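Q: Just need the structure, nothing else, for what follows:
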Amino acid sequence: MAAFVFGALLLAACLGAAWWFSQQKTDDAARMVRIILGSGALIAGVVICLRGAVILGGPIGLFGLGMLGRAIRVPHRRSRSSGGSAGTAPATGMSLAEAREILDVDASADAETIRQAHRRLMKKLHPDTGEGSAALARQVQDARDLLLDHLNDKS
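A: Okay, the predicted model is just below:
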């Protein structure tokens, strides 16, 4: 009976962890996976090296270190203070005029108009639709972000 209760609790914990993981943003989930896999590979590499198979354990441990290093590295987030000239997205170098052209909005467009144009284009250019690609979707999102940031700066 104790094994059944332990198994049921373990299953509930795994389902809870899976639900929690599914609620995370993509970047956060990828970081968690890198930490878990990197830690496991590092531990496995050390154990294998200690058991005498340095040729096998070394690369596994280095892989784990690489995964941990990539997970720990602070991601570059775009912000108003992260560079770029006024009216230019720092990561893409896109100007306000280019962003307006991509979203097909005029200079007097408000936030709701920009969001509607973004939504309309994303329905057409999203990679899952078959017509679009990740690069086009990223460009549309960058244009939206730049124009909305510009509106917030003016306020």
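Q: Show me the shaky parts of the chain.
A: By pLDDT under 70, the low-scoring segments of the chain are 74-92, 155.
Q: rerun that using 50 as the cut-off
A: Segments of the chain classed as low confidence (criterion: pLDDT under 50) are 77-90.
Q: Could I get the full set of helices for it?
A: In the chain, the segments counted as helices under DSSP state H are 2-22, 26-50, 54-72, 96-103, 111-125, 134-154.
Q: Now that we have those, can you turn them into a markdown table and tack on mean neighbour count?
A: The C-beta positions use only the backbone N, C-alpha and C, and glycine is treated the same way. Below are the helices of the chain laid out as a markdown table (neighbours: other Cβ atoms under 10 Å):
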| stretch | mean neighbour count |
| --- | --- |
| helix 2-22 | 9 |
| helix 26-50 | 15 |
| helix 54-72 | 15 |
| helix 96-103 | 18 |
| helix 111-125 | 15 |
| helix 134-154 | 17 |
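Q: who's in contact with stretch 103-123?
A: Arg100, Ile102, Thr129, Ala137, Val140, Gln141, Ala143, Arg144, Leu147, Leu148, Leu151 (Cβ atoms under 8 Å, 6 or more residues apart in numbering).
Q: let's go with 7 Å and repeat that
A: Residues from elsewhere that reach stretch 103-123 (Cβ atoms under 7 Å, 6 or more residues apart in numbering): Arg100, Ala137, Val140, Ala143, Arg144, Leu147, Leu148, Leu151.
Q: for these, which one is nearest Ile48?
A: Ala137 (41.9 Å; Cβ to Cβ).
Q: Next one: that closest one relative to Gly93, how far apart?
A: As for Ala137, its distance to Gly93 is 18 Å (criterion: Cβ to Cβ, to the nearest Å).
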